[in-house]
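Undergrad: Need a 3D model of the following:
(chains A and B)
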2 protein chains.
Amino acid sequence: VANLNSTRITDVTITPVAFRDPPLLNAVGVHEPFALRSIIEVHTTDGVVGLGESYGDAGHLDRLRRVGGALSGIDPFATYEMLGVTQRTLGGVVGADRHGLTGSINAAGTVLRTFAAFEVAALDIQGKLLGRPVSDLLGGAVRTTVPFSAYLFYKWAAHPGEEPDPYGEALDPEGIVQQATWMLETYGFRSLKLKGGVFAPPAEIEAILALRAAFPDAPLRLDPNTAWSVDTSIMVGNTLAGILEYLEDPTPGQLGMAEVAREVPMPLATNMCVVGFDDIPEAVRLQSVGVILSDHHYWGGLGKVHDLASICDTFGLGLSMHSNSHLGISLAAMTHVAAATPNLTYALDTHWPWKSEDVLTTPFVFHDGSLEVSHEPGLGVELDPDALAHLHEQYQRCGLIERSDTRYMQSIDLSFDAKLPRW
Amino acid sequence: VANLNSTRITDVTITPVAFRDPPLLNAVGVHEPFALRSIIEVHTTDGVVGLGESYGDAGHLDRLRRVGGALSGIDPFATYEMLGVTQRTLGGVVGADRHGLTGSINAAGTVLRTFAAFEVAALDIQGKLLGRPVSDLLGGAVRTTVPFSAYLFYKWAAHPGEEPDPYGEALDPEGIVQQATWMLETYGFRSLKLKGGVFAPPAEIEAILALRAAFPDAPLRLDPNTAWSVDTSIMVGNTLAGILEYLEDPTPGQLGMAEVAREVPMPLATNMCVVGFDDIPEAVRLQSVGVILSDHHYWGGLGKVHDLASICDTFGLGLSMHSNSHLGISLAAMTHVAAATPNLTYALDTHWPWKSEDVLTTPFVFHDGSLEVSHEPGLGVELDPDALAHLHEQYQRCGLIERSDTRYMQSIDLSFDAKLPRW
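TA: Predicted structure coming up:
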């Protein structure tokens, strides 16, 4: 038995990357031509390298670099110490922040979303040192495969000025059913999520009814990203009674969600009004949500997803998983933690089908909408240096440094107003 | 890097032991001449043996044996699977149960207190295989030493019919201060807990005031094990305002505790009305307690103590640690999990000073009331086969198979009535 206590982090490499992203529509705009991510490599004294992946926005990159620079000399098993270093390093600079569609972020949230990237890399290191998959470090997989959900989007045929992308246009129920058909044929997903908040509620109700008709057995979710008033949410919820497995973030704020929750038959899910541990006491008190979407990127890593899971289990809340546009390192991390979280019983969200590029040597393959849980040490994925270099170059070339679906939409449609709720 | 995925549990040895215990008084009676424990050895395919320690009562021993027999073939990293096996094995036999002074136990609690012993042993195996202390498997120690609290008891000079024990009599404030003086001189504890509920409240208030006078800087706790009515609890709480760091289980039930909590200035702590995850939603709703006492033996192992810690952190509850009479394997486990739980900021309870026997090769040594966190692989303790054999023999000889402080007290004092609350 080797004594591994001497392993220490030597340095951290953070590489911003950009990958092609189709024009996917949501309540606050449309996906830009490139999605930004950061690839984290944590090096150790014994040559093992741990991988992490996170957001790629400029402010976040700056925080990752500051914290990464402060991790030298730390034992990769000392994740609490890493969290402490993250807190101290960011202590002076974090404040109210906002990120995409995941609600307002307070200082604690900014610390956790910075720490998360390094925690995943630390678990990858631990697993590699120990010859164990990351799921084994989290109590062991309770399922051999992890099911994901098809993530359907209204979309244009192409980014303005570009050739049509291979995914096709989807701006009505027919287009959404066609998209779902393609996605289910390609990946085998068993459940379907529609990103709503794009068209007026009747059109989106129609799309859900069309999906129900085309796929009678698939659990269905609808996520308008708080595009609706309380009354509209109640109307849609009751119209889709017995059809949706859950309704995600119909309306802003916990008070509004609680009002809707009392009047509709399905559970409400959220990745917008309960996005940090600080939000949970109010959620319990108000009974504002029935399902919390975990996401290790902002909840604070895989260990914190476990903490969230135990809270959901204790308070009778459902647990699902949220996804932003991401690459394979994140997909591996999501799969490991989901495999080792007994009460994560909903199929996970993933933007995976919408991207054609990655930074890994071996692509993931879905069977029946699920991924097999890797038995390889650590996350079980390998970085492809050429692919990383290519996507980094693409990052430098594309000129984007911060995601803004709204700004991009307004560059196309001057009249677009991102104010929510809209209906 | 070795591939350790092939390690499997082969068999489990469970040895009941008894060790000498002084006549310590509490609200339901007096400690019997022997305390019962079980020593768990989990054997694996590669010869590594994991250690656990648990209660020694007959019913619990039976459950440990049934579950232990069902663990063969399981990967010691698969603790969720071990929990599942525990649930399935006990599924048909667990029901309402009661154990000592830790409240009523439902089926979920019985599963968790059975599982806990094996989870600790599994973590010991993992650490030994990996060359890492158990604290490293829990996120890494955030403190190098773990502080414990002096655990003061009213006591007789001797068990009836025996020679006086070395600890001496303590039946009044003077005796308690003398006991505290001895314990602080010997162990260096910085905080003090008095087990109350033995004498009428004015006498115990007097004892606390005497401790405050003798040790002006030591945080003080008083635990009458629900011996008081709500009104009495409020009276005592207000009398000891500014003197107690917390008041533990003054009165039975969450409703009564909530009433007391509203009227007294110090936090209420509990190991009686919140003893499982099922109790937590009510605790949050009623604000019945301010501090929850973790104890891996009944919360379900070290991972579940972490779950509890994250819940306490999220809901603004304090976290401390409870102790029954225990041996060194449990002390090692308590130290590891406390070291790796940032918000476990109270000194831990331990009955340690009250026992003179153990099953380990190397005794623990306290400095300033604290234990250093071991850097050795696993729990960092080694079983002494001769000592184990001796305490097992003592178990067989002593004739006790189930703890009952009340039955023992009534064998001495026919008029003793264990009904609580008493005052």
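Undergrad: near chain B, which residues of the stretch 151-300 of chain A show up?
TA: Applying CB under 8 Å from any CB of the partner chain, we find that the stretch 151-300 of chain A lies next to chain B at A:Phe277, A:Asp278, A:Ile280, A:Pro281, A:Val284. C-beta coordinates here come from the backbone N, C-alpha and C atoms, glycine included.
Undergrad: Would you mind giving me the confidence score for the closest residue to the fourth one other than its chain neighbours?
TA: Distance criterion CB to CB, 6 or more residues apart in numbering or on different chains; nearest residue to A:Pro281, sequence neighbours excluded, is B:Phe315 at 5.6 Å. Looking at B:Phe315, its pLDDT stands at 98.
Undergrad: coming back round to it: out of the residues of the stretch 151-300 of chain A next to chain B, who's nearest A:Ala269?
TA: Ranked by distance to A:Ala269 (CB to CB), these are led by A:Ile280 at 14.5 Å.
Undergrad: now the closest residue to the closest one other than its chain neighbours: how far from A:Ala340?
TA: Excluding its sequence neighbours, the residue lying closest to A:Ile280 (CB to CB, 6+ apart) is B:Thr314, at 5.3 Å. According to CB to CB, to the nearest Å, B:Thr314 stands 21 Å off from A:Ala340.
Undergrad: Now do the helix or strand hosting A:Ala121 against helix B:107-130, angle only.
TA: Here A:Ala121 is covered by helix A:107-130, with elements defined by DSSP states H and E. On the basis of axes from the mean of the first three to the mean of the last three CA atoms, to 10 degrees, helix A:107-130 is oriented at 50 degrees to helix B:107-130.
Undergrad: List the buried residues in helix A:107-130.
TA: By neighbour count on 16 or more other CB atoms under 10 Å in any protein chain shown, the buried set for helix A:107-130 is A:107, A:109-130.
Undergrad: residues touching the residue in the stretch 151-300 of chain A that chain B sits nearest to, list them.
TA: Nearest residue of the stretch 151-300 of chain A to chain B, counting by CB to the nearest CB: A:Phe277, 4.6 Å away. A:Phe277 sits next to A:Ala108, A:Asp307, A:Leu308, A:Ile311, B:Ser310, B:Asp313, B:Thr314 when contact means CB atoms under 8 Å, 6 or more residues apart in numbering or on different chains.
Undergrad: since we're on the closest residue to A:Gly242 other than its chain neighbours, how many residues are nearby?
TA: Nearest residue to A:Gly242, sequence neighbours excluded (CB to CB, 6+ apart): A:Pro265, at 7.3 Å. Number of residues near A:Pro265 (other CB atoms under 10 Å in any protein chain shown) recorded here: 12.
Undergrad: pretty sure A:Pro265 is in a helix, no?
TA: No - read with DSSP: H, G, I helix; E, B strand; the rest coil, A:Pro265 is coil and lies in no helix.
Undergrad: can you give me the helices for the stretch 51-200 of chain A?
TA: Along the stretch 51-200 of chain A, counting by DSSP state H, counting those that start in this stretch, helices occupy A:58-68, A:79-90, A:107-130, A:173-187.
Undergrad: Out of the ones you listed, which is closest to B:Gly139?
TA: Once the helices of the stretch 51-200 of chain A are compared by CB to CB, helix A:79-90 is nearest, at 4.5 Å.
Undergrad: so what pLDDT did A:Ala107 get?
TA: On the pLDDT scale, A:Ala107 gets 83.
Undergrad: A:Asp278 versus that one, what's the distance?
TA: On the measure of CB to CB, A:Ala107 and A:Asp278 end up 10 Å apart.
Undergrad: cool, and A:Leu255?
TA: Taken as CB to CB, the span from A:Leu255 to A:Asp278 is 16 Å.
Undergrad: Need phi/psi at the residue of the stretch 101-250 of chain A found nearest chain B.
TA: Chain B sits closest to A:Gly140 of the stretch 101-250 of chain A, with a gap of 3.4 Å, by CB to the nearest CB. Per-residue torsions, A:Gly140: phi 90, psi 140 (degrees, to the nearest 10).
Undergrad: For it, which non-adjacent residue is closest in space?
TA: B:Ala78 (3.4 Å).
Undergrad: Quick one: closest of the helices of the stretch 51-200 of chain A to B:Ala387.
TA: Closest among these, using CB to CB: helix A:107-130, at 32.1 Å.
Undergrad: Quick one: list the elements packing against the closest one.
TA: For helix A:107-130, the elements it packs on are strand A:34-44, strand A:49-55, helix A:58-68, helix A:79-90, helix A:296-299, helix A:302-314, helix A:328-339, helix B:107-130, judged by 3 or more CB pairs under 8 Å, 6 or more residues apart in numbering or on different chains; DSSP states H and E.
Undergrad: tell me the SS of the residue nearest the centre of chain A?
TA: Residue closest to the mean C-alpha point of chain A, counted by CA atoms, centre = their mean, is A:Ser323 at 2.1 Å. Per three-state DSSP, the secondary structure class of A:Ser323 is coil.
Undergrad: ok, which stretches of the stretch 301-423 of chain A are helices?
TA: A:302-314, A:328-339, A:385-398, A:405-412.
Undergrad: and A:Thr15, what are its bridge partners?
TA: Residues in a beta bridge with A:Thr15, per DSSP bridges, are A:Ile39.
Undergrad: Tell me if I'm right that A:His336 and A:Ser135 touch.
TA: Yes - with contact defined as CB atoms under 8 Å, A:His336 counts as touching A:Ser135 (4.4 Å).
Undergrad: Alright, I will stop here.
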